[in-house]
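Asks: Next input, structure requested:
(one chain, ligands or ions: 1)
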Amino acid sequence: TDDHDHNMKLFQVSAWPQSSLQLGQVSGLALDSDSNLVIFHRGDHHWGADSFNNQARYQQRSLGPIQQSAILVVDPSKGSILKASGRNMFFLPHGITTDKENNYWVTDVALHQVNRTLMALGEAFIPGSDNNHFCQPTDVAVDTESGNIFVSDGYCNARIIKFSADGKYLSEWGAGISPARIPFQIPHSLVLLPDKKEICVADRENGRIQCFIAETGEFVKEIKKDEFGGEVFAVSYNGLIFAVNGESLSRPVPIRGFVIDYSTKDILDTFSPNKKEFKMPHDIAETRDGSVFVGDASSKSVYKFTTEKLHHSVK
Ligand SMILES: O=C(N[C@@H](O)C(=O)O)c1ccccc1
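Replies: Numbering: from 1, shown residues only. Sure, this is the predicted structure:
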């Protein structure tokens, strides 16, 4: 067993959700202003090897948008569906974030767009790398204080772009650690650390997390662990750094969740489902009461984890 600090040991709540949510590939998780879990999934659409041509243009427009509700708001204790929305709007959902007005900020890698309920950044279906085009953008982080929006862009770009609350382009930056700056290789997820005013990025194919000053984009630190193997899919923050790694053919390691101390970079805990294995854990979100949710894009599931004390109380 890992000899990590055991008051952070996380265990899956196997009876969650209490009934099937009929999910497609789960790509994003967020918490809304009522601390309900928001799930962003792909219904009957799949991101497969033939979804895009080699100019990163989506090839399955003829399928039309996903007809199921791609955004589900579920009760974190039972997993029952409280609200369903996002029908006929999305093609390949990816990242989702909420802001203090409870707007949903989402990315769609087929649309190459970032949408806020009633606002869109980028041009539908048109990939690009200028100030108002993305290329398969992956996630959004909202700085509730300034209202600024940060977008991780994307599978076919290698940058973080910053916008004002009303969608004006402000700045952008690439990976940190000069002079031998290794560019981002799929900035796949990002999170704002409100107490540190930093943005941390899951630099997926470099198997590392990099953190920057939100105001300037100045590089602060990198967290890269052998235990990650070669891929870090998602990063989240709730006083501690939470991350999930991914399957790496070059360096096979267990696929699991990590709880990391931002300052020391120590791994405090690792966790995975009780009986099943993670297949492609794709996003991670935590509630204030300490529950941790992981959405898996391959097994089309969301897993709930709690800390030991919480775990025993829910038995
Ligand atoms: O990474 C990929 N997908 C996942 O991240 C996802 O589904 O978001 C992918 C890349 C190329 C082809 C097919 C899938």
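
Asks: What is the burial count for S20?
Replies: Neighbour count of S20, defined by other CB atoms under 10 Å: 8. C-beta coordinates here come from the backbone N, C-alpha and C atoms, glycine included.

Asks: OK, contacts around it?
Replies: Not one residue lies near S20 by CB atoms under 8 Å, 6 or more residues apart in numbering.

Asks: That one and the ligand: what is the separation?
Replies: For S20, the distance to the ligand equals 21 Å [CB to the nearest ligand atom, to the nearest Å].

Asks: Flag the shaky bits of this structure, pLDDT-wise.
Replies: Within the chain, the stretches with pLDDT under 70 are 1-7, 178-180, 308-315.

Asks: Chain neighbours aside, what residue packs nearest to the closest residue to the ligand within it?
Replies: Relative to the ligand, the nearest point of the chain is W47 (3.9 Å; CB to the nearest ligand atom). Nearest residue to W47 in three dimensions, chain neighbours excluded: L92, at 5.3 Å (CB to CB, 6 or more residues apart in numbering).

Asks: Could you double-check that the one you found sits in contact with D44?
Replies: No - using CB atoms under 8 Å, L92 is not in contact with D44, being 11.9 Å away.

Asks: Between the two, which is the more surrounded one?
Replies: Between L92 and D44, L92 has the larger neighbour count (other CB under 10 Å), namely 23 against 10.

Asks: quick one, what contacts the more buried one?
Replies: S27, R42, H45, W47, S51, Y58, D108, V109, A110, L111.

Asks: just checking, the residue of the chain closest to the ligand is part of a helix?
Replies: No - counting by DSSP: H, G, I helix; E, B strand; the rest coil, one finds W47 to be coil, located in no helix.

Asks: Quick one: name the residues of the stretch 201-315 of the chain near the ligand.
Replies: Applying CB under 6 Å from any ligand atom, we find that the stretch 201-315 of the chain lies next to the ligand at A297.

Asks: Tell me which stretches of the stretch 201-315 of the chain form strands.
Replies: Shown for the stretch 201-315 of the chain, the strands assigned by DSSP state E, counting those that start in this stretch span residues 208-213, 219-223, 232-237, 241-245, 257-260, 267-271, 281-286, 292-296, 301-307.
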